[in-house]
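Undergrad: Below is the structure, and that's it, no one-letter string:
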């Protein structure tokens with residue numbers, strides 16, 4: 001059994017998960033290998049092309065890869081179809097991505113699809129559609145000395161004063177080939193495992209800490225033909241945050257009210273801004289300077 005620590009949780013797993021911080025062996029979450037059969041589930045509440053929800057159970061499956069059952073935020077049962085030892089696409093990116101996102105949602109986290117880094121002891125995060133440059137922006141800030149907090153999964157809880165805390169995830173980022181080539185002098189590929197989109201796991205462990213970080217600012221990325229930052233109106237903020245939340249896509253009406261409340265609470269405690277960026281990799285250093293100038297205005 002392998003032990004890990006992520007998102008403030010101790011995990012034990014029968015599957016080795018690359019690029020993780022070692023845990024203590026006293027698990028909050030167990031990942032086990034066993035049979036999973038979604039076809040036996042009746043009275044389904046929510047159903048999609050490769051998922052279904054019933055009560056506290058969520059089932060996910062991917063053709064030729066495997067099936068997963070997530071139960072009450074405490075246990076993940078995995079049936080693997082593909083060979084775990086294969087260097088080809090396998091189930092591990094799904095366990096560290098969508099499966100972990102849904103498990104954290106079951107545990108009461110607000111989960112947004114984004115990446116974040118630590119600046120002056122606080123977190124700034126980047127939200128956006130797939131391919132908009134969240135991980136690329138985060139890794140370039142990392143190479144400028146800003147520690148990575150989390151990549152791809154932005155897990156947030158609120159403290160007793162209502163302040164949003166980002167819980168650090170894995171000390172690595174997932175990068176496409178072009179993005180990796182820009183930063184390969186500052187990071188190494190951790191594993192031959194690739195996601196469906198062909199992204200690789202790259203080390204970003206320097207300065208990593210397991211302690212939650214107060215979220216200061218949210219940047220919503222938008223690819224345009226110009227570069228700049230503007231403050232969004234509150235209604236636009238809320239729409240963008242909900243659109244990028246896991247609950248909105250999977251749990252639908254079963255979690256909308258709570259999700260709406262958490263997003264509204266987040267907006268009341270952070271500054272949300274639109275970050276316009278070009279499609280050119282040549283402009284990335286200029287983008288990082290724009291972000292740094294915006295942060296330093298406070």
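TA: Looks like it came in fine. Just so it is clear, the structure is predicted and the values come from calculations on it, not from any experiment. Residues are numbered from 1 along each chain as shown.
Undergrad: Leaving out the residues flanking it, which one is nearest to residue 55?
TA: Spatially, and ignoring its direct neighbours in sequence, residue 55 is nearest to residue 45 (7.3 Å; C-beta to C-beta, 6 or more residues apart in numbering). Bear in mind the C-beta positions are built from the backbone N, C-alpha and C, glycine included.
Undergrad: Same question for residue 216.
TA: Nearest non-adjacent residue to residue 216 (C-beta to C-beta, 6+ apart): residue 122, at 4.0 Å.
Undergrad: And the helices in this protein?
TA: In the chain, the helices defined using DSSP state H lie at 92-94, 100-106, 134-143, 177-183, 234-243, 246-250, 256-267, 284-296.
Undergrad: what packs against the fourth one?
TA: It refers to helix 177-183. helix 134-143, strand 200-203 (3 or more C-beta pairs under 8 Å, 6 or more residues apart in numbering; DSSP states H and E).
Undergrad: So which of these is the most surrounded?
TA: helix 134-143 (a mean of 24; mean count of other C-beta atoms under 10 Å).
Undergrad: For it, which outside residues touch it?
TA: 113-117, 126-128, 148, 151-152, 173-175, 179, 182-183, 186-187, 199, 202, 204, 206, 221, 277, 284-285, 287-288, 291 (C-beta atoms under 8 Å, 6 or more residues apart in numbering).
Undergrad: can you give me the angle that helix makes with helix 284-296?
TA: 70 degrees (axes from the mean of the first three to the mean of the last three C-alpha atoms, to 10 degrees).
Undergrad: how distant is helix 134-143 from the center of its chain?
TA: 14 Å (C-alpha atoms, centre = their mean, to the nearest Å).
Undergrad: that older thread, among the helices and strands packed on helix 177-183, which is nearest residue 169?
TA: helix 134-143 (11.5 Å; C-beta to C-beta).
Undergrad: on that earlier part again, any idea what the residue nearest to residue 216 is bridged to?
TA: Assessed by DSSP bridges, residue 122 has beta-bridge partners residue 119.
Undergrad: How many neighbouring residues does it have?
TA: 17 (other C-beta atoms under 10 Å).
Undergrad: same check, this time on residue 16
TA: When neighbours are counted by other C-beta under 10 Å, residue 16 comes out with 12.
Undergrad: who's in contact with it?
TA: residue 2 are the contacts of residue 16 under C-beta under 8 Å, 6+ apart.
Undergrad: From residue 8, how far out is it?
TA: From residue 16 over to residue 8 the distance is 21 Å, taken as C-beta to C-beta, to the nearest Å.
Undergrad: Please identify the buried residues of stretch 63-83?
TA: For stretch 63-83, the neighbour count (16 or more other C-beta atoms under 10 Å) marks 65-71, 73, 76-78, 80 as buried.
Undergrad: I'd like those laid out as a markdown table, including distance to residue 107 and pLDDT.
TA: Converted to a markdown table, those look like this (distance: C-beta to C-beta, whole Å; pLDDT from 0 to 100):
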| residue | distance to residue 107 | pLDDT |
| --- | --- | --- |
| 65 | 25 | 87 |
| 66 | 22 | 90 |
| 67 | 22 | 93 |
| 68 | 16 | 96 |
| 69 | 16 | 97 |
| 70 | 10 | 96 |
| 71 | 12 | 95 |
| 73 | 4 | 95 |
| 76 | 12 | 97 |
| 77 | 17 | 97 |
| 78 | 18 | 94 |
| 80 | 24 | 89 |
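Undergrad: Show me those that map onto strands.
TA: Under the assignment DSSP state E, those contribute 66-71, 76-78, 80 to strands.
Undergrad: Before we move on, what's the pLDDT of the residue nearest in space to the middle of the chain?
TA: The residue lying closest to the centre of the chain (C-alpha atoms, centre = their mean) is residue 153, at 1.0 Å. pLDDT, residue 153: 95.
Undergrad: hang on, it packs against residue 116?
TA: No - between residue 153 and residue 116 there is no contact under C-beta atoms under 8 Å: 9.9 Å.
Undergrad: re the thing from before, may I see the ones in strands among the buried residues of stretch 63-83 organised as CSV, with distance to residue 298 added?
TA: CSV is the format used below for these (distance: C-beta to C-beta, whole Å):
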residue, distance to residue 298
66, 46
67, 47
68, 42
69, 45
70, 39
71, 43
76, 40
77, 46
78, 44
80, 48
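Undergrad: tell me how far the ends of stretch 24-38 are from each other?
TA: 33 Å (C-alpha to C-alpha, to the nearest Å).
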